[in-house]
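*Asks:* Sequence and predicted model, in that order:
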Amino acid sequence: MISPDAHSLFGRHHHSSISRRGFLAASGTGLLGLPGALGTSTAFSAVTEGPTTPATAKSTILFFLCGGASQIDTWDLKPDAPAEIRGEFRPIETSAPGVRLCEHLPLTARQAHHLAVVNSIDATDPTNSHLGYYRQLTGHPLDPRTIFVVGERRQQRDDWPFMGSVVSAKLPQRGLLPNAISYPWVPESATDIRAGQFAGKLGIEHDALYLTGKVEEPLKFQAPALVLDSDYTAQKLQNRRTLLRELDQSRRELEQFRETQIWQRHQERAFSLLSSAATADAFDLSREPEKLRDRYGQNINGMGLLLARRLVEAGVPFVTVFWMPDRARAEKLNCASAGGWDTHGNNFQCLKEMLLPQFDLGFSALLEDLSDRGLLDTTQILVTSEMGRRPKIGDPRSGGLSGAGRDHWTYSLTNLLAGGGIKGGQTYGTTDKYGEYPADRRCTPGDITKTVYHSMGIHDLSAIDNQGRPYDLQEHGRPLLELF
């Protein structure tokens, strides 16, 4: 919910004063439908005819398992492989014949009739690193010429846009809330601004609204630049607006008119969001019955998924829940993942004692809740991660075999899809006997991204760059129509 005790909208940010980038990112930059970026002209052509398979999704919920989830210990187990490959976990039967999941996902197994398990995704990255973040979120591989530090790459203006930004730009605004909302990562944190989360060449006005959260306060989600101090009144807020207008009058003399115009519109949108009861209501998880909150799990990730359902009900087309790690608990369990899915060491204990139970509770609740409310046909769900884990146990960085960890593995990973016209109870594609590489129905993150767009009825992916040249936002890839 929007917290009255957070920093003022125009006060100190969590790093310093609010930057223009921070204000735009936190003020609903995907909701204006403005053509173009700051200094970039972007336009879209008329909608073209798409594939005949009907699209039913009005919203998408992207659940991103930050760190790199181990596909071979969750959705693509290899029980007949040697012990040093298959690991400790066994598969169990589910509500869908032929779909088997890890024994530590019993609640998700009961919802498997809603799931399409895509096991054959090839997201090969030459660095075999967390740069997979970019590929999964945009559908595009990174240009190696833009990588200056191995395993690290920050946002650049001409990056390919985040899929949520494309949805935001292509669909009409439905109400006061932005078309794309992401949480609970802080968008300007030094460690969490990895490329792929932002609108890139589409323009900053199509960035998602970023909410933040804390493990210690799972019911509270807030936009850093859209909160007021407790002593703010409506009149004080109006006084701030008047002052800003005076400052903007001076700014016009120093900046290009078009950039100033976009900035002013973002400010107006921020004030509208702040003054709207609907905004506060959408973020207020205390309105949900405690029994339902317990069903999701009253932790930051479970409540993030519950909030996603509320935002879908409020008409938000694209909601992203980034897995937030519980670092304190991870330290107690001696996890080498800092509470995320980057299980370089103690992979099996981290999964069994922390990651899988929390995921199982929240994700199964989301499927069940959406289905019970009749929302699953119109809500597409995608679970992905920046990479998979190496099938062979033993990462040199965590003591080799004795460390019981799994290294990065971009050469195959699994995605889960449900709702939005997706046929549940199916497995799409296979990997080889050791789970190392796709063996059948190989597909790419570009195919998954195209599938998301198709499910939402977005078939025209044309855009115009700042030189007036047309380009395709997702030229490579095809929608996996077999899933529908």
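*Replies:* Great, that's in hand.

*Asks:* In three-state terms, label the residue lying closest to Gln298 once chain neighbours are set aside for me.
*Replies:* Spatial nearest neighbour of Gln298, excluding adjacent residues (CB to CB, 6 or more residues apart in numbering): Pro218 at 5.8 Å. Glycine gets a C-beta too; all of them are placed from N, C-alpha and C. Under DSSP: H, G, I helix; E, B strand; the rest coil, the three-state class of Pro218 is strand.

*Asks:* Could you give the separation of stretch 162-181 from the chain centroid?
*Replies:* 13 Å (CA atoms, centre = their mean, to the nearest Å).

*Asks:* Identify the bridge partners of Leu101.
*Replies:* Beta-bridge partners for Leu101, by DSSP bridges, are Ile92.

*Asks:* wait, isn't it in contact with Ile92?
*Replies:* Yes. Applying CB atoms under 8 Å as the test, Leu101 and Ile92 come out as touching, 6.4 Å apart.

*Asks:* between the two, who's got more neighbours?
*Replies:* Neighbour totals were compared for Leu101 and Ile92, and Leu101 leads with 26 against 15 (other CB atoms under 10 Å).

*Asks:* And that one, how close does it get to Asp125?
*Replies:* Separation of Leu101 from Asp125 (CB to CB, to the nearest Å): 26 Å.

*Asks:* Nearest residue to the middle of this protein?
*Replies:* Taking CA atoms, centre = their mean, the centroid of the chain lies closest to Thr320, which sits 3.5 Å from it.

*Asks:* what are the phi and psi values for that one?
*Replies:* Backbone dihedrals for Thr320, given as degrees, to the nearest 10, come out at phi -120, psi 130.

*Asks:* quick one on the thing from earlier: and the residue nearest to Gln298, what does it touch?
*Replies:* Applying CB atoms under 8 Å, 6 or more residues apart in numbering, we find Pro218 in contact with 298-300, 302-303.

*Asks:* Let me know the pLDDT of Ser402.
*Replies:* pLDDT, Ser402: 82.

*Asks:* How about it, nearest residue that isn't a chain neighbour?
*Replies:* Ser402's closest residue in space is Gly394 (CB to CB, 6+ apart), at 7.9 Å.

*Asks:* pLDDT weak spots in this protein?
*Replies:* Scanning the chain for pLDDT under 70 picks out the ranges 1-53, 151, 186-193, 224-278.

*Asks:* Is Ala280 in a helix, a strand, or coil?
*Replies:* Ala280 ends up helix, using three-state DSSP.

*Asks:* So what's the residue count around it?
*Replies:* 13.

*Asks:* again, but for the one 3 residues further on
*Replies:* As a burial measure, Phe283 scores 24 neighbours (other CB under 10 Å).

*Asks:* pretty sure it is touching Thr212, no?
*Replies:* No. Using CB under 8 Å, Phe283 makes no contact with Thr212, being 11.6 Å away.

*Asks:* Check the burial of the residue lying closest to Pro479 once chain neighbours are set aside by counting its neighbours.
*Replies:* Nearest non-adjacent residue to Pro479, counting by CB to CB, 6+ apart: His454, 3.7 Å away. When neighbours are counted by other CB under 10 Å, His454 registers 25.

*Asks:* Could you do the one 10 residues further on as well?
*Replies:* Here the neighbour count serves as a burial measure; for Ile464 (other CB under 10 Å) it reads 17.

*Asks:* ok, now the one 4 residues further on?
*Replies:* Gly468 has 8 neighbouring residues, counting by other CB under 10 Å.

*Asks:* ok, now Asn128?
*Replies:* Asn128: 17 neighbours (other CB under 10 Å).

*Asks:* How about the one 3 residues further on?
*Replies:* Leu131 is flanked by 24 other residues according to other CB under 10 Å.

*Asks:* which ones are touching it?
*Replies:* 125, 142, 147, 151-153, 195, 386.

*Asks:* same deal with Asp80?
*Replies:* Contacts for Asp80 (CB under 8 Å, 6+ apart) come out as 86, 433.

*Asks:* State the helix or strand in which it lies.
*Replies:* Using DSSP states H and E, Asp80 maps to neither a helix nor a strand.

*Asks:* Ok, the one 5 residues further on next?
*Replies:* Secondary-structure assignment from DSSP H and E places Ile85 in helix 83-86.

*Asks:* Put the alpha carbons of that helix into CSV.
*Replies:* In CSV, the C-alpha atoms belonging to helix 83-86 read as follows (Å, rounded to 0.1, in the frame of the first residue of the first chain):
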residue,chain,number,x,y,z
ALA,A,83,23.2,-39.6,-9.1
GLU,A,84,25.7,-36.8,-9.7
ILE,A,85,23.3,-35.5,-12.4
ARG,A,86,19.8,-36.2,-11.1
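
*Asks:* ok, the residue nearest to the centre of the chain touching Trp185?
*Replies:* No. The pair Thr320 / Trp185 is not scored as a contact, 9.2 Å apart, by CB under 8 Å.

*Asks:* list the residues that contact both of those two?
*Replies:* With CB under 8 Å, 6+ apart as the test, Thr320 and Trp185 reach no residue in common.

*Asks:* what about the strands in the stretch 301-450 of the chain?
*Replies:* With DSSP state E, counting those that start in this stretch, the ranges of strands along the stretch 301-450 of the chain come out as 318-322, 379-384, 388-389, 408-409, 413-418, 426-428, 430-431, 438-440.

*Asks:* Make CSV out of those and add distance to Ala180.
*Replies:* CSV is the format used below for the strands of the stretch 301-450 of the chain (distance: least, CB to CB, whole Å):
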stretch, distance to Ala180
strand 318-322, 4
strand 379-384, 14
strand 388-389, 26
strand 408-409, 28
strand 413-418, 19
strand 426-428, 26
strand 430-431, 32
strand 438-440, 30
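
*Asks:* Tell me which of these is the most buried.
*Replies:* strand 388-389 (a mean of 30; mean count of other CB atoms under 10 Å).

*Asks:* hmm, who's touching it?
*Replies:* Outside strand 388-389, the residues touching it (CB under 8 Å, 6+ apart) are 68-73, 343, 347, 406-414.

*Asks:* Show me those that map onto helices.
*Replies:* Among the contacts of strand 388-389, the ones falling in helices (DSSP state H) are Asn347.

*Asks:* I'd guessed Gly67 sits against His408; true?
*Replies:* No. Look at Gly67 against His408 with CB under 8 Å: they stay out of range, at 9.8 Å.

*Asks:* Mutual contacts of those two, please.
*Replies:* Common neighbours of Gly67 and His408 (CB under 8 Å, 6+ apart) are His130.

*Asks:* In the stretch 1-150 of the chain, what residue spans correspond to helices?
*Replies:* 20-26, 83-86, 106-109, 132-138 (DSSP state H, counting those that start in this stretch).

*Asks:* what's the answer for the stretch 151-300 of the chain, then?
*Replies:* Going by DSSP H, counting those that start in this stretch, the stretch 151-300 of the chain shows helices at 163-170, 234-251, 257-274, 277-283, 290-296, 300-313.

*Asks:* so who does Glu152 touch?
*Replies:* Counting by CB under 8 Å, 6+ apart, Glu152 makes contact with 130-131.

*Asks:* returning to that earlier point: just to be sure, the residue nearest to Pro479 is in a helix?
*Replies:* Yes. When three-state DSSP is applied, His454 is found to be in a helix.

*Asks:* could you measure it against Asp326, distance?
*Replies:* 36 Å.

*Asks:* so what's Val316 up against?
*Replies:* Counting by CB under 8 Å, 6+ apart, Val316 has contacts 59, 174, 177-181.
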